[in-house]
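[1] 3D model of this:
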Amino acid sequence: MASLLVRNIDENVKARLRIRAAERGRSMEDEVRRILKDALDGDPPQNMADLALAIFGPKNGIELEPPPPMETRDPPQFDSAEFDRAEFDR
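    Next up, the predicted model:
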């Protein structure tokens, strides 16, 4: 097994680590090993779509109903009598 020395850890982080380890009945060293292992297990997302699916996928979040369809209308008919070309020729 390899050793790792980490310097300049914020005091607040160290205190939270101490509390977290105590709550789980572990030493701080063992808790750090488990945190690192859990963080590095599995394959990281390869692209933004995978990342979004990991964060917002079916196992996370809520299911929303799709919005109601938008009201549509027929496009204007420029060859009809309603179209006054003289207004646009100015």
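[2] what helix or strand is the residue nearest in space to the middle of the chain on?
    Nearest to the geometric centre of the chain sits I55, at 4.3 Å (CA atoms, centre = their mean). Taking DSSP states H and E as the criterion, I55 maps to helix 48-56.
[3] do you know the pLDDT at R33?
    pLDDT recorded at R33 is 94.
[4] now it, what are its backbone angles?
    R33 adopts backbone torsions of phi -60, psi -40, taken as degrees, to the nearest 10.
[5] cool, and M28?
    phi -60, psi -40.
[6] 43 is where my numbering starts, stick with that
    All set: I'll call the first residue 43, so the last point we hit is now M70.
[7] how about the contacts made by the closest residue to it other than its chain neighbours?
    Excluding the flanking residues, the one nearest M70 by CB to CB, 6 or more residues apart in numbering is A63, at 4.7 Å. Heads up, the C-betas are built off the backbone N, CA and C, glycines and all. Taking CB atoms under 8 Å, 6 or more residues apart in numbering, we find A63 in contact with S69, M70, D72, E73.
[8] mind telling me what element A63 is part of?
    Short version, using DSSP H and E: A63 is in helix 53-65.
[9] buried residues in that helix, which are they?
    In terms of neighbour count (16 or more other CB atoms under 10 Å), helix 53-65 has its buried residues at L59, A63.
[10] what do you get for stretch 70-85?
    Those buried within stretch 70-85 under the rule 16+ other CB under 10 Å are E73, V74.
[11] got the CA positions of that stretch in PDB?
    Below are the C-alpha coordinates for stretch 70-85, written out as PDB (Å, rounded to 0.1, in the frame of the first residue of the first chain):
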ATOM      1  CA  MET A  70     -10.000  10.000  10.200                       C
ATOM      2  CA  GLU A  71      -7.400   8.100   8.100                       C
ATOM      3  CA  ASP A  72      -9.900   5.300   7.300                       C
ATOM      4  CA  GLU A  73     -12.600   7.800   6.500                       C
ATOM      5  CA  VAL A  74     -10.400   9.600   4.000                       C
ATOM      6  CA  ARG A  75      -9.600   6.300   2.400                       C
ATOM      7  CA  ARG A  76     -13.300   5.400   2.000                       C
ATOM      8  CA  ILE A  77     -14.100   8.900   0.700                       C
ATOM      9  CA  LEU A  78     -11.400   8.700  -1.900                       C
ATOM     10  CA  LYS A  79     -12.400   5.200  -2.900                       C
ATOM     11  CA  ASP A  80     -16.100   6.100  -3.200                       C
ATOM     12  CA  ALA A  81     -15.300   9.200  -5.200                       C
ATOM     13  CA  LEU A  82     -13.100   7.300  -7.700                       C
ATOM     14  CA  ASP A  83     -15.100   4.100  -8.100                       C
ATOM     15  CA  GLY A  84     -17.000   3.700 -11.300                       C
ATOM     16  CA  ASP A  85     -16.500   5.400 -14.700                       C
END
